[in-house]
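1. Model the structure of this input:
(one chain, ligands or ions: 2)
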Amino acid sequence: MSDVKATLRQTAYAARKAAFDARAATGAVAAATAHLMAEIGLPAGRTISGYMPIRTELDPVPAMTALHGLGARLCVPVIAGKGLPLDFRAWTPGCALTEGPFGAMIPSEGDWLTPDILIVPLVGFDAACNRLGYGGGFYDRTLARLRAAGPVRAIGLAFAAQELPALPVEPTDMALDAIVTERGVLRP
Ligand SMILES: Nc1nc2c(c(=O)[nH]1)N(C=O)[C@@H](CNc1ccc(C(=O)N[C@@H](CCC(=O)O)C(=O)O)cc1)CN2
Ligand SMILES: Nc1ncnc2c1ncn2[C@@H]1O[C@H](COP(=O)(O)OP(=O)(O)OP(=O)(O)O)[C@@H](O)[C@H]1O
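-> Ligands and ions are numbered 1, 2, ... in the order given. Predicted coordinates for the structure are as follows:
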């Protein structure tokens with residue numbers, strides 16, 4: 001299973017890099033941001049997790065900045081430890097950041113929040129909204145914990161080129177509620 005996923009990861013990385021490199025010409029980030037804002041709906045009073053992009057991930061910061069301006073509380077993931085769910089620390093536009101594990105920036109200080117909407121980074125996805133990440137299982141553990149506690153919406157954000165044929169699904173894999181790309185919104 002992990003071999004199959006590793007091969008799929010390589011395919012999705014290459015596709016993501018090509019889409020990332022072309023993003024200024026395609027306008028993919030602005031288009032995906034607009035679809036994401038529409039999918040989220042009214043942000044006031046919500047606690048929404050975004051992420052600080054690493055490598056060639058689609059940049060969610062324009063959407064996070066807009067959502068903050070519309071009255072949402074924003075937060076970003078912080079790795080608590082191997083095999084543990086993610087924690088989420090409050091983020092505001094321009095807040096002080098330090099480098100966390102794997103190169104993702106994390107807020108230097110701030111409250112720990114529990115998101116009710118998650119904007120989820122990913123390497124690859126399929127038409128059923130299954131998600132392939134970097135292989136740490138962090139979002140699977142996090143979504144399992146959050147969904148056990150109450151309703152949450154997990155929205156993947158990706159370039160359309162990151163779509164793969166049907167992914168192998170393990171019992172611990174948590175599907176997303178929707179995936180937003182520059183082409184629109186995909187639902188399972
Ligand atoms: N922007 C962003 N922030 C995020 C995540 C993410 O996917 N994107 N995460 C989502 O979970 C967490 C970070 N998780 C990560 C887990 C593994 C690797 C990684 O590069 N893994 C290596 C293989 C494993 C290793 O070297 O030990 C790799 O892919 O080469 C990166 C991030 C929290 N913050
Ligand atoms: N809720 C869970 N409890 C225990 N182990 C889990 C859980 N969720 C995932 N795992 C384990 O984590 C490992 C990595 O999972 P997977 O390959 O699906 O990660 P990923 O979704 O690609 O990574 P990430 O979410 O960090 O980006 C697997 O061995 C899986 O069994």
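2. Is ligand 1 within reach of stretch 64-81?
-> Yes - contact between stretch 64-81 and ligand 1 is present through 77, 79 (criterion: C-beta under 6 Å from any ligand atom). (C-beta placed from N, C-alpha, C; glycine too.)
3. Ends of that stretch, what's the gap?
-> End-to-end distance for stretch 64-81: 25 Å, by C-alpha to C-alpha, to the nearest Å.
4. do stretch 176-188 as well
-> Stretch 176-188 has an end-to-end distance of 8 Å (C-alpha to C-alpha).
5. buried residues in it?
-> For stretch 176-188, the neighbour count (16 or more other C-beta atoms under 10 Å) marks 176-182, 186 as buried.
6. Pipe the residues you listed into CSV and attach secondary structure, distance to ligand 1 and pLDDT per row.
-> Below are the buried residues of stretch 176-188 laid out as CSV (DSSP: H, G, I helix; E, B strand; the rest coil; distance: C-beta to the nearest ligand atom, whole Å; pLDDT from 0 to 100):
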residue, secondary structure, distance to ligand 1, pLDDT
176, coil, 13, 98
177, coil, 17, 98
178, strand, 18, 98
179, strand, 15, 98
180, strand, 16, 99
181, strand, 17, 99
182, coil, 18, 98
186, strand, 19, 98
